[in-house]
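Q: Sequence first, then the predicted structure, then my questions.
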Amino acid sequence: PEAIAPEAAGSANAVAASVRTPLMASGDSAAPSVPELANASFSSAEMPAAYRFGLNEGLELHVGHHMYFELEFRSLDVARFRLAWELAFERHAALRVEALEDGTTRTREDVRPSTALDDCSAGCRSFASEARLRRARDRWAHSDPPGAPYVRHLVCVLALRLFRVHEHFSGLSLDAQSLSAAKLEVQALYLSPAMPVPRIAGFSFRDYVVAEHAVRTSARGEESLRWWLERIQTLPAALALPMRSSHPLRRARMNCTALRLSGAQWVALAARARVLGLSPSALFYGVLAEGWACWSSTRHFVLSILVSRRLPVHTSVSSVLGSYYSVFPLEVDWRDRAAFSRRVQGLSAQMGGIFQHRWCAGVDVLAQVNRLYGRTAQAALPYVLSSGVATSRLEGVPGALMHSQDHVYLCYDTPQTLVDVIVNPAPAGAVV
């Protein structure tokens with residue numbers, strides 16, 4: 001896409017000038033906020049733009065990106081639940097974004113949360129009520145929201161003190177890390193609507209996106225892209241696992257399988273990672289690479305890794321919700337029969353290199369990978385790793401609401417992806 005939307009041209013020069021200063025090197029730059037352009041359209045963030053591109057029917061594995069959850073609450077005040085989301089929408093502009101047909105994005109003041117109520121309590125889990133629940137799942141589980149808002153809820157009353165909440169979320173507004181932060185804030189506002197919450201910075205996600213596009217063409221962004229262009233010349237082919245069918249891959253419809261690690265298992269894994277000088281995420285990625293290498297025809301291949309690319313363009317950027325994810329190639333070279341821990345340490349060092357050269361857009365790197373492979377419509381790296389271990393959390397937020405819910409069902413679709421593996425911490429352990 002173009003570097004910035006025409007409507008943002010007035011602020012673009014100021015933003016570009018700020019991010020090209022030496023302050024970028026210290027991580028303490030301050031891209032300007034431009035309040036008078038708050039509702040003007042702007043270029044989409046990196047991953048929302050990629051998700052929209054992935055909807056094209058001519059592409060392999062084309063589908064929109066969304067996540068669908070079903071949660072059961074043993075107690076829920078629906079009016080307070082609605083109010084909490086309304087307060088969150090008022091506070092965070094990123095919840096009110098709308099994707100426009102020309103590929104740009106804008107923030108709307110009139111977007112409000114969508115929370116519908118359906119009484120399925122007749123017969124207390126009767127055939128009729130179960131059918132209504134299945135219809136809700138079928139309607140949302142593998143479909144994209146028709147438009148803003150991109151977070152929607154349907155609350156089904158199952159019994160006197162039992163509620164099923166259907167939650168539909170599109171990646172066109174927030175990444176999973178920001179969604180988690182928003183839900184934690186909603187939890188706090190549900191428990192205490194008058195509870196003091198962190199002040200929203202004047203710097204907005206729109207300001208961030210304009211600054212991030214300028215970073216791509218800055219000296220640091222161009223240096224990172226040159227590093228990647230040299231790096232991908234030596235990469236092996238993408239991971240290729242045995243497939244049931246040789247037919248061309250069309251629209252993706254992913255099935256979700258969850259593996260739960262107990263608290264004791266997760267603590268033991270994290271402790272072992274610390275002994276080896278690794279993060280839990282790196283150790284987890286190494287385990288997955290080992291498993292996939294057993295099924296691959298070669299032990300030298302490339303995966304893609306989802307990373308948070310929240311660049312330090314402003315001192316308040318860490319408090320701004322939005323879509324900051326990017327995806328980069330991750331080389332797995334398991335040909336050496338060295339100890340598993342040594343191989344994972346090498347993988348971890350490579351992850352450090354990815355972080356150091358994140359100043360260019362990962363989607364631009366993957367486009368170059370596709371050109372190198374001679375592909376056009378095929379998925380470049382359809383096996384994806386991601387971790388929510390470092391997910392943002394609000395300090396001092398009580399957990400009563402979260403602890404009163406149970407995950408009943410989860411599914412999500414991601415364009416040009418065959419397998420997307422995520423590890424997330426849970427109240428008692430972790431969920432893969």
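A: Now that the structure is in, tell me what you want to look at.
Q: Count the neighbours of residue 237 for me.
A: Residues contacting residue 237 under the criterion other CB atoms under 10 Å number 12. Heads up, the C-betas are built off the backbone N, CA and C, glycines and all.
Q: now the one 5 residues further on
A: With neighbours defined by other CB under 10 Å, the count for residue 242 comes to 7.
Q: Just give the closest residue to it, not the sequence neighbours.
A: By the measure of CB to CB, 6 or more residues apart in numbering, the closest residue to residue 242 outside its immediate chain neighbours is residue 295, 6.6 Å from it.
Q: Would you map the strands across the stretch 201-350 of the chain?
A: Assigned by DSSP state E, counting those that start in this stretch, the stretch 201-350 of the chain shows strands spanning 260-261, 300-308, 325-333.
Q: Lowest average pLDDT across those strands?
A: With a mean of 87, strand 260-261 has the lowest mean pLDDT of those.
Q: Distance check, residue 288 against residue 421.
A: Remark: distance between residue 288 and residue 421 (CB to CB, to the nearest Å) = 6 Å.
Q: Can you check which residues contact both of those two?
A: Common contacts of residue 288 and residue 421 (CB atoms under 8 Å, 6 or more residues apart in numbering): residue 385.
Q: And the one helix or strand residue 183 maps to, what's buried?
A: Element membership of residue 183, judged by DSSP states H and E, is helix 176-191. Along helix 176-191, the positions that meet the burial threshold by neighbour count (16 or more other CB atoms under 10 Å) are 176-190.
Q: ok, back up a step: tell me the spacing between the residue nearest to residue 242 and residue 167.
A: In this view, residue 295 and residue 167 are 33 Å apart by CB to CB.
Q: With neighbour numbers in mind, choose between these two.
A: Each of residue 295 and residue 167 has its neighbours counted (other CB under 10 Å); residue 167 has more, 19 against 10.
Q: Would you quantify the distance from the more buried one to residue 151?
A: Counting by CB to CB, the gap from residue 167 to residue 151 is 7 Å.
Q: One more: residue 48?
A: With the distance defined as CB to CB, residue 48 ends up 14 Å from residue 151.
Q: now the helices: where do they sit in the stretch 251-400 of the chain?
A: Counting by DSSP state H, counting those that start in this stretch, one finds helices in the stretch 251-400 of the chain at the ranges 263-275, 280-295, 340-356, 362-373, 400-403.
Q: what's the closest of those helices to residue 119?
A: Shortest separation from residue 119 across these is recorded for helix 400-403, at 21.6 Å, computed as CB to CB.
Q: ok, then the element right after the closest one?
A: On the C-terminal side of helix 400-403, the nearest following helix or strand under DSSP H and E is strand 405-413.
Q: Give me the sheet partners of that following strand and which way each runs.
A: Partners of strand 405-413 in the sheet, by DSSP bridges, are strand 66-73 (antiparallel).
Q: State the number of residues packed around residue 111.
A: Going by other CB under 10 Å, the residues that sit close to residue 111 add up to 18.
Q: Now that we're looking at it, what pLDDT does it have?
A: The per-residue pLDDT of residue 111 was computed as 92.
Q: isn't it right next to residue 149, touching?
A: Yes: in this structure, residue 111 sits in contact with residue 149. The criterion is CB atoms under 8 Å, and the distance is 5.2 Å.
Q: Which positions within stretch 71-86 qualify as buried?
A: In stretch 71-86, the ones that count as buried by 16+ other CB under 10 Å are 71, 72, 73, 76, 81, 82, 83, 84, 85, 86.
Q: closest to residue 237 among the residues you listed?
A: Comparing every one of the buried residues of stretch 71-86 with residue 237 (CB to CB), the shortest separation belongs to residue 71, at 40.4 Å.
Q: still on that earlier bit, which one of the helices of the stretch 251-400 of the chain has the poorest average confidence?
A: Per-segment mean pLDDT for the helices of the stretch 251-400 of the chain reaches its minimum on helix 400-403, at a mean of 44.
Q: Buried ones in stretch 311-323, by neighbour count?
A: Buried residues in stretch 311-323, counted by 16+ other CB under 10 Å: 311, 312, 313, 314, 316, 317, 320, 321, 322, 323.
Q: Mean confidence (pLDDT) on that stretch, please.
A: For stretch 311-323, mean pLDDT is 92.
Q: Just the CA atoms of it, as CSV, please.
A: Listed next in CSV are the C-alpha coordinates belonging to stretch 311-323 (Å, rounded to 0.1, in the frame of the first residue of the first chain):
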residue,chain,number,x,y,z
LEU,A,311,7.9,0.2,17.7
PRO,A,312,9.0,2.9,20.2
VAL,A,313,7.8,5.8,18.1
HIS,A,314,6.2,7.5,21.2
THR,A,315,6.6,7.3,24.9
SER,A,316,2.9,6.3,25.3
VAL,A,317,2.8,3.6,22.7
SER,A,318,2.7,0.7,25.2
SER,A,319,-0.7,1.9,26.5
VAL,A,320,-2.4,2.3,23.1
LEU,A,321,-4.5,-0.6,21.9
GLY,A,322,-4.3,-1.6,18.2
SER,A,323,-2.8,-4.2,15.8
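Q: Report pLDDT for the closest residue to residue 195 other than its chain neighbours.
A: Taking CB to CB, 6+ apart, and ignoring the residues beside it in sequence, residue 195 has residue 188 as its nearest neighbour in space, at 5.6 Å. According to the model's per-residue confidence, residue 188 sits at a pLDDT of 89.
Q: Residue 103: neighbour count?
A: Other residues near residue 103 come to 16 when the count uses other CB under 10 Å.
Q: Verify the contact between the residue nearest to residue 195 and residue 196 for me.
A: No: between residue 188 and residue 196 there is no contact, the gap being 9.6 Å when judged by CB under 8 Å.
Q: Do you know the pLDDT at residue 122?
A: pLDDT, the model's per-residue confidence, is 58 for residue 122.
Q: Residue 64 contacts residue 53, doesn't it?
A: No: judged on CB under 8 Å, residue 64 makes no contact with residue 53 at a distance of 10.6 Å.
Q: The closest residue to residue 415 other than its chain neighbours: what's it in contact with?
A: Distances taken as CB to CB, 6+ apart put residue 54 closest to residue 415, at 2.4 Å, once the chain neighbours are dropped. The contact partners of residue 54, taken as CB under 8 Å, 6+ apart, are 61, 62, 63, 64, 65, 414, 415, 416.
Q: Appreciated, that's everything.
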